[in-house]
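Enquirer: Sequence first, then the predicted structure:
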Amino acid sequence: MSEKVPTIDQLQELALPPAVSYMPQTWGWWLLVALALLAGLLWAARVYWQWQRNRYRREALAQLAQLRTALGDPAQQLGALRQLPELLKRVALSMPGAPAVGHLGGADWQAFLERTSRAPLPRDFAPQLADLAYAPELRLQAIANEQGQQLLTLCTRWVETHHVAA
């Protein structure tokens, strides 16, 4: 039995199989890719549309943040309190669908604020806003800082969460 043991020099490399392409080979996969891209574009367009639609809300929240810092300064407190009712009315006028709220006041304004709010509002919210807009300066100066902060918090919560009918 004289078998020859192969040596390393006699080894040959095995032939590799041909490369497999990652590109889809049938039209069904191309259709699936096209549908996925279309769905992604539609989703991105909807997100952008909603972001643009809520621009008025972001701007109002930024202005409310400025008013919050102004309420801490006694020299600017009166002006900041006077701006709250006007800001809420501007937000309501800027809502998509442009509800006719420019003429609302008193009980109608309170009803609108309650109807569009996702959180409960105090029954005297609109009268408090009317006082901020029209009361004499001495009466506004008597408002405690705590009450002003509470009104600002209510306004901020309404701006953040008010419902917009689409």
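Expert: Thanks, I have it.

Enquirer: For Trp158, give me its contacts.
Expert: 88, 113, 116-117, 119, 121 (CB atoms under 8 Å, 6 or more residues apart in numbering). Just so you know, the C-beta spots here come from the backbone N, C-alpha and C atoms, and that holds for glycine as well.

Enquirer: again but with Leu81, I slipped
Expert: Leu81 neighbours (CB under 8 Å, 6+ apart): 71, 132, 140, 143, 148, 151.

Enquirer: Strands of this protein, residue ranges please.
Expert: With DSSP state E, there are no strands along the chain.

Enquirer: Can you give me the pLDDT of the spatially most central residue of the chain?
Expert: Centroid check for the chain by CA atoms, centre = their mean gives Asn54 as the closest residue, at 5.9 Å. The model reports Asn54 with a pLDDT of 88.

Enquirer: Over to it: give its phi and psi.
Expert: Note on Asn54: its backbone torsions stand at phi -100, psi 10 [degrees, to the nearest 10].

Enquirer: where's it relative to Cys155, distance?
Expert: 17 Å (CB to CB, to the nearest Å).
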